[in-house]
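Asks: coordinates only, no sequence provided:
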C-alpha cells in the first residue's frame, strides 16, 4: 500500500464532483440575482464572471487553512 498524502485525505471528503456542484450552484445563484438587480452604470457587478471549479477549490482550501492556523484575537493586540 502506498503512503497517503494530506491531499488524498482531503479528497476523501471534498471530491471533484462536490467542487463542480458548488461552482455550478454559485454561478446559477449569482446569475439569478444579477438578472433581478437594477445595476448602476458603474456597478462592479457588471464585471461578474462565473466561478471556476479551480477557483472554488482554492477558496475552500484557503478557508480551511485559515481555520487550522490559530492567530491571536484582533482584540488582544
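Replies: Yep, it's here. What you see is a predicted model, and the numbers here were worked out from it, not measured in a lab. Numbering: from 1, shown residues only.
Asks: count of neighbours near the residue lying closest to residue 16 once chain neighbours are set aside?
Replies: Leaving out its chain neighbours, the residue that sits closest to residue 16 by CB to CB, 6 or more residues apart in numbering is residue 53, at 7.4 Å. Placement of C-beta: from N, CA and C, glycine included. As a burial measure, residue 53 scores 16 neighbours (other CB atoms under 10 Å).
Asks: wait, residue 53 sits on residue 17?
Replies: No - between residue 53 and residue 17 there is no contact under CB atoms under 8 Å: 9.9 Å.
Asks: how close does residue 20 sit to residue 14?
Replies: The spacing between residue 20 and residue 14, counted by CB to CB, to the nearest Å, is 11 Å.
Asks: between these two, who's got more neighbours?
Replies: When residue 20 and residue 14 are compared for neighbours, residue 14 comes out ahead with 16 against 13, by other CB under 10 Å.
Asks: so what's the more buried one closest to, chain neighbours aside?
Replies: The spatial neighbour of residue 14 that comes closest, neighbours along the chain excluded (CB to CB, 6+ apart), is residue 60 at 6.6 Å.
Asks: contacts for the helix or strand that neighbour falls within, please.
Replies: Assigned by DSSP states H and E, residue 60 belongs to helix 53-68. The contact list for helix 53-68 (CB atoms under 8 Å, 6 or more residues apart in numbering) reads 14, 16, 19, 20, 22, 23, 26.
Asks: check stretch 25-44 too.
Replies: Contact with stretch 25-44 is made by 45, 46, 48, 50, 51, 56, as judged by CB under 8 Å, 6+ apart.
Asks: buried among the residues you listed? Make that a ChimeraX selection.
Replies: This is the ChimeraX syntax for the buried subset of the contacts of stretch 25-44, where burial follows 16 or more other CB atoms under 10 Å:
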select :51,56
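Asks: same list (the contacts of stretch 25-44) but as CSV, adding secondary structure.
Replies: Output for the contacts of stretch 25-44, formatted as CSV (DSSP: H, G, I helix; E, B strand; the rest coil):
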residue, secondary structure
45, helix
46, helix
48, coil
50, coil
51, coil
56, helix
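Asks: great, nothing more from me.
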